[in-house]
Each structure stands twice: as C-alpha cells, then as structure tokens.
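Student: Build me a structure from this.
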Amino acid sequence: MSKRELGDFLRRRREALRPDQLPGSTTHPRGHRARRTPGLRREEVAEIAGVSISYYERLEQARGARPSAQVLAALGAALQLTTPELEHLARLAGLAPVGRSVGPVPHRSTRPDAIPDVGGQPDGTPVPADALRLVERLGSVPAYLVDERQDIVAWNASAASLIIDFTRLPVAERNVARLSIRLGGTHCFEPADTNGEFARQFAAELRAATGRHPTDHVLSELVNEFAAHSPDFVASWRDHDVRPRPVVRKHLRHPDLGELELDCHTLLLPGTDVRLVIHTASPGSPSAAALARLDPSVADAPITTPPAGSRSTWPVSRAARSAVSPRAATGSCRS
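Tutor: Residues are numbered from 1 along each chain as shown. Okay, here's the model as predicted:
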C-alpha cells in the first residue's frame, strides 16, 4: 500500500469534483463554511461515502489504515471515479495485483515475410501474435504497438514512413516520450486548441503504469526525463489523473506530404497491456488525401519489432541525442 500516493489521488479527485456534480439527494453537512477552493470538502466526501470525517482525513493525509474493499467502493462512488480510476485506487490501496519490472527483452530475429514472436511488456509477457498480425493487416494505416513503458514494440511500414524510420533509432529511444522530445517542435507541433492534451494523455498513461508497476525503475526514469522537458506534463502528473484519452489531435510536417492534421487513436487490446496506436485523418480532408499518398516502401519490412535494449541515457548522453540524422526523421509522434 502506498499511503502517500493513495492520499494524493483521493485529494486530487475530490478537488476535481464540483459541488454541482453531486446527486440531487445529497445532504450537505450542517454548518459548512464558505468555499475557498474548487471541489468538494472532505466532510462532503465522507458523508456521501458513509465514513467518518476523521477517517477520511487520515486517508488523505497518509495516516490511515488500509481501507477495505467496501470502503474503496464507497469512496469511488462518492468521487464518481471511472473504471480505470477505480482500478488505480485499488492498486494504491494494495487491493489489486501489481506487475513486476523486468530487464531487457531478449531479441528475436525478424524477416520481412514473417511475423516475429517477441517480448516487450514490463511484466515480461510476449506481445500477442494476434496484435502483431493486426498491425500488419492495417496496411496503409500508420500503426504501431506500445507497452506500458510507451516503448514502441512493433510497427508497420506506413508508421515508419509517416513518423520515423524506427530501425535507425537506438533501441532505448524507440519510445513515445523520447520521440516527442526529439522531434517535437521541428517535425510536429501541437494545435493551439489542444492545451497540452498530449502531455495530459502521457501523464495519465504513466501514472496508471506506475501504479501497476511500482518497482519499475525504468518507468521512473522515463517520468523524470519527460518532466524535465514538459511543464504541461509536470502539471498533469500532479493532477494524478489516470483516465485514458483515446484520441489526441496532432499536426505533423512531412517532407513529402506537407502539413498534416491527424487524429492519434490509442486502443487497449483486450486481455493484454499492449496498446494499438493508429493515425487517421478526417474523411474528405486535405490531410486524408495526403495520407492516401503515403509511400510505405521506405520501410524494410511490413512489420518490425525492436531487439533487446538497455536503459536510455538520453537526453544526458550527447551521442544518443545525435544518433539519428535529420534525414532519418520523417515525422513526429507528438501531438
């Protein structure tokens, strides 16, 4: 049980819930003082959940005993938590299984005409063959698979043509966060109306992942790396939001196709911790017409998976920063 993380999560979710979102039948505590900050008061949450105010205060202050499953369910209902938030709450309270961190994944050889069997997830389980076949069959739709560390564990030729030739990257740099730092602002820029949506999405993904894998030091290093480059990520991390964002809008400058406005869809594959990421454009838009002209022949194989990697030293290592020539980068995976 992580008392500090549990308390922080409860407090952040309480502060994010407005009084006008309470059920109409809710009775507010008597004698309540004027509100000084947004969100619910502790006593309001405690009353709705059916627990004492002092007990709830101790939970937020990281002084309380481990709550029971019944208490967690009541708190989740009071705070109107989503299913991912309820799962995260249970893990923080030590009432749900957590994964284990693992070392580098053994390399499996690949051939252009074969779908490789590889590992790549933090808990050591292999990437499902069905997921690899799905990426391949998407064909002209740029697609890749990421694990819970946001490592890109497989991709199709269209993704390599649109974003970057992943084979030219050091293995440790085949990561969504590191690519966003490397390519952001040059090949890609964030639409003005998204207000840091990519950073919020990434913070939520990593928050949930660290809850599932609390001893994974690679995840911790990745969080610190990205936080050093993104104030939006730092703010989102502090919000302790773990709700997934299935679609993020991206603007991408491609050397052959020009400027593209794309939607990046992230789909959790059932029964796995692998996520499928695909890029699409609005039907009938100039970006859709340009995307149809994407030439996937730049990739060496219809589906590719990375070999074993080591811990990233980027951005500390200057050699790692310059490992990819400007000609290797064709686009960006940042919103």
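Student: Enumerate every residue touching the nearest residue in space to Leu92 that is not next to it in sequence.
Tutor: Sequence neighbours aside, Leu6 is the residue nearest to Leu92 in space, at 4.2 Å (criterion: CB to CB, 6 or more residues apart in numbering). Just so you know, the C-beta spots here come from the backbone N, C-alpha and C atoms, and that holds for glycine as well. Applying CB atoms under 8 Å, 6 or more residues apart in numbering, we find Leu6 in contact with Leu59, Ala62, Leu89, Leu92, Ala93.
Student: excluding its backbone neighbours, what's nearest Tyr144?
Tutor: Trp155 (3.7 Å).
Student: Burial check on the one you found, number of neighbours?
Tutor: Residues lying near Trp155 (other CB atoms under 10 Å) number 28.
Student: And for Asp239?
Tutor: Here the number of neighbours of Asp239 (other CB under 10 Å) works out to 17.
Student: Quick one: classify Val153 as helix, strand or coil.
Tutor: Here Val153 is strand, with the state taken from DSSP: H, G, I helix; E, B strand; the rest coil.
Student: What score does it have for pLDDT?
Tutor: Model confidence at Val153, expressed as pLDDT, equals 91.
Student: so how many other residues sit close to it?
Tutor: Residues near Val153, counting by other CB under 10 Å, number 26.
Student: next one: Arg243
Tutor: 15.
Student: now do Ala96
Tutor: 16.
Student: element containing the residue nearest to it when sequence neighbours are not counted, please.
Tutor: Spatial nearest neighbour of Ala96, excluding adjacent residues (CB to CB, 6+ apart): Ala90 at 3.9 Å. For Ala90, the element it lies in under DSSP states H and E is helix 83-92.
Student: One more: Thr210?
Tutor: helix 197-212.
Student: Also Arg149?
Tutor: Counting by DSSP H and E, Arg149 is part of no helix or strand.
Student: Pretty sure it sits against Glu221.
Tutor: No. Taking contacts as CB atoms under 8 Å, Arg149 lies outside contact range of Glu221: 9.8 Å.
Student: what about these two, which has more around it?
Tutor: Arg149 (23 against 14).
Student: Spatially central residue in this protein, please.
Tutor: Nearest to the mean C-alpha position of the chain, counting by CA atoms, centre = their mean, stands Glu205 at 2.7 Å.
Student: what residues are up against it?
Tutor: Glu148, Gln150, Pro244.
Student: Tabulate these in a markdown table, adding columns for neighbour count.
Tutor: Formatted as a markdown table, the contacts of Glu205 follow (neighbours: other CB atoms under 10 Å):
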| residue | neighbour count |
| --- | --- |
| Glu148 | 22 |
| Gln150 | 24 |
| Pro244 | 16 |
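Student: Let's have these in a markdown table, adding distance to Glu173 and pLDDT.
Tutor: Output for the contacts of Glu205, formatted as a markdown table (distance: CB to CB, whole Å; pLDDT from 0 to 100):
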| residue | distance to Glu173 | pLDDT |
| --- | --- | --- |
| Glu148 | 18 | 89 |
| Gln150 | 12 | 90 |
| Pro244 | 25 | 81 |
